[in-house]
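Student: I would like the atomic coordinates for the input below:
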Amino acid sequence: VKKLTACRQVLEEVKDAPSSRSLSMKLHLRLGEAYNARGDHKTAIAQFSTALEFSRESGSSDDKLSCLIPLGATCCDNLGDIDSALKHFEEALAISREAGSSRGQCFALSNIGAAHGKRGELALAVEYKLAAIDAVRAQNDRSMEVGSERITQNMEASLLGATAHLYDRLGQLENAVEYR
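Tutor: Residues are numbered from 1 along each chain as shown. Just a heads-up that it's a prediction; the model follows:
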């Protein structure tokens, strides 16, 4: 509740300042996260959507990705709106490819795979999860930042487990074992 109140106060104070677009985007993003955590997913989506509008104004691909992924995840995981989720994830994938962001591609591909998995399109889900594994491995190969190797290893481990689970659901036990 304190976080929500503080974010609303800051938004009210900066709403008309032209230089506040980035701050407004971040605040709406945080509000979306807070509403999501409280279980108010429709309000979370409204906040993420507002954040996305601000991110489009800024033109920053990182800002857009920061909004599209949680927007799609909330649609998919909390509201079961897989079509909307896929629209957001596919937009995130296009933006990350254009920007050359392996990390963005990994998140988008993984989430597209998860959405297809929820829809029961398991073979398609596996394709996207495998593409996400390739993207995270490409990121790890290029990454020189301290600490980022651990993050990409965790991402890869999570993707491998999710892919193994999909293969289990498909009844392809040999493939499942390979990804465990």
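Student: before we move on, what SS does the residue nearest the centre of the chain have?
Tutor: In the chain, the C-alpha nearest the mean C-alpha coordinate belongs to residue 69, at 2.7 Å (Cα atoms, centre = their mean). Using DSSP: H, G, I helix; E, B strand; the rest coil, the structure places residue 69 in helix.
Student: quick one: it from residue 54, how far?
Tutor: Counting by Cβ to Cβ, to the nearest Å, the separation of residue 69 from residue 54 is 16 Å. For glycine as for every other residue, the C-beta is placed from the backbone atoms N, C-alpha and C.
Student: what residues does the longest helix seen in the chain touch?
Tutor: For the chain, the longest helix by residue count, based on DSSP state H, is helix 148-170. Residues outside helix 148-170 that contact it (Cβ atoms under 8 Å, 6 or more residues apart in numbering) are 106, 110, 113-114, 117, 122-123, 125-126, 129-130, 132-133, 136-137, 139-140, 143, 173, 175-180.
Student: where do the helices sit along this protein?
Tutor: For the chain, applying DSSP H gives helices covering 2-14, 21-37, 41-58, 61-73, 79, 82-99, 102-119, 122-142, 148-170, 173-178.
Student: looking at these, which has the lowest confidence?
Tutor: Note on the helices of the chain: helix 2-14 shows the lowest mean pLDDT, a mean of 66.
Student: if we can go back for a sec, are any of the contacts of helix 148-170 buried, and if so which?
Tutor: Among these, those scoring as buried are 106, 110, 113-114, 117, 122, 125-126, 129-130, 132-133, 136-137, 139-140, 143, 176, 179 (criterion: 16 or more other Cβ atoms under 10 Å).
Student: next, residue 59: phi, psi?
Tutor: The phi and psi values for residue 59, taken as degrees, to the nearest 10, are phi 80, psi 0.
Student: neighbours around it, how many?
Tutor: 8 (other Cβ atoms under 10 Å).
Student: residue 107 now?
Tutor: Neighbourhood size, residue 107 [other Cβ under 10 Å]: 24.
Student: contacts only, for it.
Tutor: In this structure, residue 107 makes contact with 65, 69, 92, 96, 132, judged by Cβ under 8 Å, 6+ apart.
Student: no further questions, thank you.
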